[in-house]
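>>> can you look at this prediction? I've put the sequence above it.
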Amino acid sequence: MRTLLLVLLLLVVTPATPAQAHAGGLTPQDHLSRVTEIDPPLPGVTATMVNHGTQVEIINGGATELTVAGHVVAAGETYRFRDERTTAPQWELRLGTSVVKGRVDTAPGPNPLWWLLFTAVLALGGYFLGRARAMLAVGVVVVTVAHAWHAVGSALAVTGQSFVPLLIGASGVGLVAWPLAAVAVVSAVRRKPATAFVAAVVGAMLVVAGIPDFDSFRFSQLPFAGSADLDRLLVALTLGGGLGLAAGGFDNMRKAGSTT
């Protein structure tokens, strides 16, 4: 079983491209474009920035068509588009007889060293947890849930695209690691010797899946359906916890092998 799972890990990780850091190709950044108002207001019409401030969304709930950026938005239609003008500190777009006004807010990102230190602490804790086979299942569940939560939150932050393809893109090798996590839990409940190996493989996979998310530690605005600090916590749990599980699990195996 160990050999089979190791081969599976190599087949999945080696040729695969890393998961997208966040779904839909959206990236962490220190600035975010926002709509401030429609002047004068148009009854039933709303304008917002979606997809992490990269697109303008016009919802025409009024009774007449409107023209914006050369496109006619019919009554009842939702129209999303990119416009370079929305990257200016203060910007305006003509919308029918009104103007959509907006601005770009900029905020400094956190000090990444604190998050890297926190990740290292989690890795150390995961290592000692992984040395106790009875606790491996707990660590596997926590790290797997953290990665899955991050992937789901990233997919939910994208507007106008199907959820499942977005989730697949944000998950990467996590799509294989998640089912293996269930195998690790069942193996732990049954007190199987393979528990440590499966847990170590899951941890290694999730580290690979989480590597593209390092940018979450240094930018203030994250494309995630939740707070930025929550997303950073999930990334730290995935990377630190995964590394700790991998090291602790393989150390558990080494010690078990030396006693036989």
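Thanks, I have the structure now. Numbers count the residues shown, from 1 in each chain.
>>> other SSEs contacting the helix ranked longest in the chain?
As assigned by DSSP state H, the longest helix anywhere in the chain is helix 133-156. For helix 133-156, the elements it packs on are helix 112-131, helix 163-171, helix 174-189, helix 195-210, helix 228-236, helix 242-258, judged by 3 or more Cβ pairs under 8 Å, 6 or more residues apart in numbering; DSSP states H and E. To be clear about C-beta, it is placed using only N, CA and C from the backbone, and glycine gets the same treatment.
>>> excluding sequence neighbours, find me the nearest residue to W115.
Distance criterion Cβ to Cβ, 6 or more residues apart in numbering; nearest residue to W115, sequence neighbours excluded, is F217 at 4.0 Å.
>>> what about that neighbour, distance to R232?
Here the criterion is Cβ to Cβ, to the nearest Å. By it, F217 lies 6 Å from R232.
>>> who's more crowded, these two?
R232 (25 against 21; other Cβ atoms under 10 Å).
>>> CA atoms only: put the longest helix of the chain into PDB for me.
Taking Å, rounded to 0.1, in the frame of the first residue of the first chain, the C-alpha atoms of helix 133-156 are listed here in PDB:
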ATOM      1  CA  ARG A 133       0.200   8.100  15.300                       C
ATOM      2  CA  ALA A 134      -3.100   8.400  17.300                       C
ATOM      3  CA  MET A 135      -3.100  12.100  16.700                       C
ATOM      4  CA  LEU A 136      -2.300  11.900  13.000                       C
ATOM      5  CA  ALA A 137      -5.900  11.800  11.900                       C
ATOM      6  CA  VAL A 138      -6.700  15.000  13.800                       C
ATOM      7  CA  GLY A 139      -3.800  16.800  12.000                       C
ATOM      8  CA  VAL A 140      -4.900  15.500   8.600                       C
ATOM      9  CA  VAL A 141      -8.400  16.700   9.100                       C
ATOM     10  CA  VAL A 142      -7.400  20.100  10.300                       C
ATOM     11  CA  VAL A 143      -4.900  20.700   7.400                       C
ATOM     12  CA  THR A 144      -7.300  19.200   4.800                       C
ATOM     13  CA  VAL A 145     -10.200  21.300   5.900                       C
ATOM     14  CA  ALA A 146      -8.000  24.400   5.900                       C
ATOM     15  CA  HIS A 147      -7.000  23.800   2.300                       C
ATOM     16  CA  ALA A 148     -10.500  23.000   1.100                       C
ATOM     17  CA  TRP A 149     -11.900  26.100   2.900                       C
ATOM     18  CA  HIS A 150      -9.300  28.200   1.100                       C
ATOM     19  CA  ALA A 151     -10.100  26.700  -2.300                       C
ATOM     20  CA  VAL A 152     -13.900  27.100  -1.800                       C
ATOM     21  CA  GLY A 153     -13.500  30.700  -0.500                       C
ATOM     22  CA  SER A 154     -11.400  31.600  -3.500                       C
ATOM     23  CA  ALA A 155     -13.900  30.100  -5.900                       C
ATOM     24  CA  LEU A 156     -16.800  32.000  -4.200                       C
END
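>>> for it, buried residues please.
Neighbour-count burial for helix 133-156, counted by 16 or more other Cβ atoms under 10 Å, picks out 133, 135-137, 139-140, 142-144, 146-156.
>>> and if you look at stretch 215-235?
For stretch 215-235, by 16+ other Cβ under 10 Å, it's 215-224, 226, 228, 231-235.
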